[in-house]
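Q: kindly return the folded structure for what I paste below:
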Amino acid sequence: MAVREVLLLGNPKLYEGCAPVEKDNIESLRPIVQDLHDTLMDFRCRHGAGRAIAAPQIGIMKRLVYMHIDEPVVFINPLLDMKSRERIKVWDDCMCFPDLLVKVERHRRCRMTYRDMNWREQTMMLEGDISELLQHECDHLDGILAVSRAVDPYSFALRSQKHFLE
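A: Okay, here's the model as predicted:
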């Protein structure tokens, strides 16, 4: 398929909520999933980072997330619940602002319910960095960027300055 342009911070589409995917649309998702894969792998090669991408980051306003860590996983209409009271602060990054880090607070644990590419309902318990990652991606589906979740006005840094943050 194709490497797609990633929408960058400031693009108004990034602040829009996404429509749910309907079962009848499952076949039309295959080329989109391939584009998400190609775009994520290209970003990873160019920037040395990137574990997941949400469809609105390439202008597709559907509730769809693609993650590739050890193997590809497609999340259709993901829903996060059972969020822990315990929270973690992390320096978040995003393909939509690749040179910027933002300190955010996320739930340490949560549960994700979603549909797979065979339209089967799946459940995944999330913890730590995977929990943070998928909360970030689900925020994209609701038109929320990490910059909106900054813990305070001093929670921004350029990636080149990361060594000062550790």
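
Q: which residues of the protein fall in strands?
A: Counting by DSSP state E, the chain has strands at residues 52-54, 64-68, 72-81, 87-92, 100-107, 109-115, 121-127, 156-158.

Q: now the ones you listed as TSV including distance to Glu22 and mean neighbour count?
A: For every residue, glycine as well, the C-beta is placed using N, CA and C. Formatted as TSV, the strands of the chain follow (distance: least, C-beta to C-beta, whole Å; neighbours: other C-beta atoms under 10 Å):
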stretch	distance to Glu22	mean neighbour count
strand 52-54	18	26
strand 64-68	12	23
strand 72-81	9	18
strand 87-92	31	17
strand 100-107	29	19
strand 109-115	10	19
strand 121-127	15	14
strand 156-158	38	14
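
Q: now the ones you listed in TSV, with mean pLDDT?
A: Output for the strands of the chain, formatted as TSV (pLDDT from 0 to 100):
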stretch	mean pLDDT
strand 52-54	98
strand 64-68	98
strand 72-81	97
strand 87-92	94
strand 100-107	96
strand 109-115	97
strand 121-127	97
strand 156-158	93
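
Q: looking at those strands, which is closest to Pro20?
A: strand 72-81 (5.1 Å; C-beta to C-beta).

Q: ok, residues contacting the closest one?
A: The contact list for strand 72-81 (C-beta atoms under 8 Å, 6 or more residues apart in numbering) reads 20-21, 26, 29, 33, 37, 63-67, 110-117, 119, 134-135, 137-138, 141.

Q: among the strands of the chain, which is nearest Arg4?
A: Across the strands of the chain, closest to Arg4 is strand 52-54 (C-beta to C-beta), at 9.4 Å.

Q: which helices and strands does the closest one pack with?
A: For strand 52-54, the contact count by 3 or more C-beta pairs under 8 Å, 6 or more residues apart in numbering; DSSP states H and E identifies helix 26-47, strand 64-68, helix 128-141 as packing neighbours.
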